[in-house]
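Participant: Sequence plus predicted model, see below.
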Amino acid sequence: MRIILLVNDSYFAWRLAEPIFRGHHDNVRFVVFSRRIKSSPSAIYSIFRKASLPYFGYRATVQLVSAIADRTCGRSVRSECCKYNIRYAETRDINSTPELLNGGSFDLGVAINCDQIIRQQVLDVCKRGILNVHASKLPEDPGISPVLWAFARGDQVIWSSVYKMDRGLDTGPIIEQVPFAVEPGETAFRLYERICQGSGARLSQIIEQFSRGDVAYRPQQRSSAAKYLSWPDRTHYRLMRQNGRRFISCADLVRAFATERTPG
């Protein structure tokens, strides 16, 4: 089975993708890295204007953690590509990437923290579609940074939704939804880290199901009450403070760079 990954590389993207590389690196034929935001000062400034200052600071910290984890521990999707000798390309527009559109068909695509809207011409490149992980429950919480909004609201259980992408935004049929209980004193960083690890493991298993042809979908029952979430703003930060929740801790940083055993 020929697999393509569409990735916005970061520490969290690595957490999601590592089980896929470990279990299916022989099938991963190509990786496309999005540079839409990272290479655009105007896009970064646009986020700064829409988001709260604490969130923007957290986002910048995650980017720093990602860079250090890559250089010191090899914890990035790019490092996995080099490890397994997998071809990759960088682009500001996934939907017009020649290596993707002219590289022949793939059996399955997986979007990993992808920060671009995937158009129909890319969806059509993959015979069995493109899978995505939405770190919250669909159809209730569509939009940007859903895990952070659910966490700020004080939710005690945060969901991970694995679904097949379609032309809409977070509207495709669902394959599986997994609950993650919020642990006492847990930060947003640690929660999302756990969700990425668990979702990556499930994605690896779902890819195996695709190879056997026994994957089932269920359509989303969209509700007019569902609100599309935007960037975490002042309202989001007020909810964070109201519910006594934090973005990140020193322990999170230590764990991100600590040596760990890779499951066999």
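Facilitator: Cool, got the structure. Numbers count the residues shown, from 1 in each chain.

Participant: residue ranges for the strands of the chain, please.
Facilitator: Using DSSP state E, the strands found in the chain span residues 3-7, 28-34, 87-91, 108-112, 130-134, 157-164, 174-181.

Participant: any chance of those in CSV, with mean pLDDT, distance to Ile44 and mean neighbour count too?
Facilitator: Backbone N, C-alpha and C define where each C-beta goes, glycine included. Formatted as CSV, those follow (pLDDT from 0 to 100; distance: least, C-beta to C-beta, whole Å; neighbours: other C-beta atoms under 10 Å):
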stretch, mean pLDDT, distance to Ile44, mean neighbour count
strand 3-7, 97, 19, 26
strand 28-34, 95, 14, 22
strand 87-91, 94, 17, 15
strand 108-112, 96, 21, 26
strand 130-134, 96, 23, 23
strand 157-164, 96, 27, 21
strand 174-181, 96, 29, 16
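
Participant: what's the closest of these to Ala201?
Facilitator: Closest to Ala201 of these is strand 174-181 (C-beta to C-beta; 9.8 Å).

Participant: Need the strands of the chain in a markdown table (columns: distance to Glu140).
Facilitator: Shown next, in a markdown table, are the strands of the chain (distance: least, C-beta to C-beta, whole Å):
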| stretch | distance to Glu140 |
| --- | --- |
| strand 3-7 | 25 |
| strand 28-34 | 26 |
| strand 87-91 | 32 |
| strand 108-112 | 20 |
| strand 130-134 | 11 |
| strand 157-164 | 9 |
| strand 174-181 | 11 |
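
Participant: wait, which of the ones you listed is closest to Tyr228?
Facilitator: Taking C-beta to C-beta, strand 130-134 is the member of the strands of the chain nearest to Tyr228, at 12.4 Å.

Participant: List the strands paired with the closest one, with their directions.
Facilitator: strand 108-112 (parallel), strand 157-164 (antiparallel) (DSSP bridges).

Participant: Now do the first one: everything it contacts.
Facilitator: The set of residues external to strand 108-112 that reach it, using C-beta atoms under 8 Å, 6 or more residues apart in numbering, is 1-8, 13, 16-17, 20, 77, 118, 122-123, 125-133, 165, 203, 207, 210.

Participant: run the last query once more with 7 Å
Facilitator: Applying C-beta atoms under 7 Å, 6 or more residues apart in numbering, the contact partners of strand 108-112 are 1, 3-7, 13, 16-17, 20, 77, 118, 126, 128, 130-132, 165, 203, 207, 210.

Participant: for stretch 17-29, same thing?
Facilitator: Stretch 17-29 is contacted by residues 1-5, 7, 77, 80, 84, 86, 106, 110, 112, 200-201, 203-204, 207 when judged by C-beta under 7 Å, 6+ apart.

Participant: do stretch 241-259 as well
Facilitator: 11, 54, 58, 61, 65, 68-69, 72-73, 151-152, 154, 187-190.

Participant: Buried residues, it. List them.
Facilitator: For stretch 241-259, the neighbour count (16 or more other C-beta atoms under 10 Å) marks Arg245, Arg246, Phe247, Ile248, Asp252, Leu253, Ala256 as buried.

Participant: I'd like the distance from that stretch to the chain centre, please.
Facilitator: Distance, stretch centre to chain centre, for stretch 241-259: 19 Å (C-alpha atoms, centre = their mean, to the nearest Å).

Participant: still on that earlier bit, to Tyr45, which of the strands of the chain lies closest?
Facilitator: strand 28-34 (18.1 Å).

Participant: That closest one vs strand 108-112, what angle?
Facilitator: 40 degrees (axes from the mean of the first three to the mean of the last three C-alpha atoms, to 10 degrees).

Participant: Just the CA coordinates for strand 28-34, please, in PDB.
Facilitator: Provided in PDB are the C-alpha atoms of strand 28-34 (Å, rounded to 0.1, in the frame of the first residue of the first chain):
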ATOM      1  CA  VAL A  28       5.200   5.600   3.300                       C
ATOM      2  CA  ARG A  29       6.400   6.700  -0.200                       C
ATOM      3  CA  PHE A  30       6.300  10.500   0.100                       C
ATOM      4  CA  VAL A  31       5.900  13.300   2.700                       C
ATOM      5  CA  VAL A  32       4.800  16.900   2.000                       C
ATOM      6  CA  PHE A  33       5.700  19.500   4.600                       C
ATOM      7  CA  SER A  34       3.600  22.600   4.800                       C
END
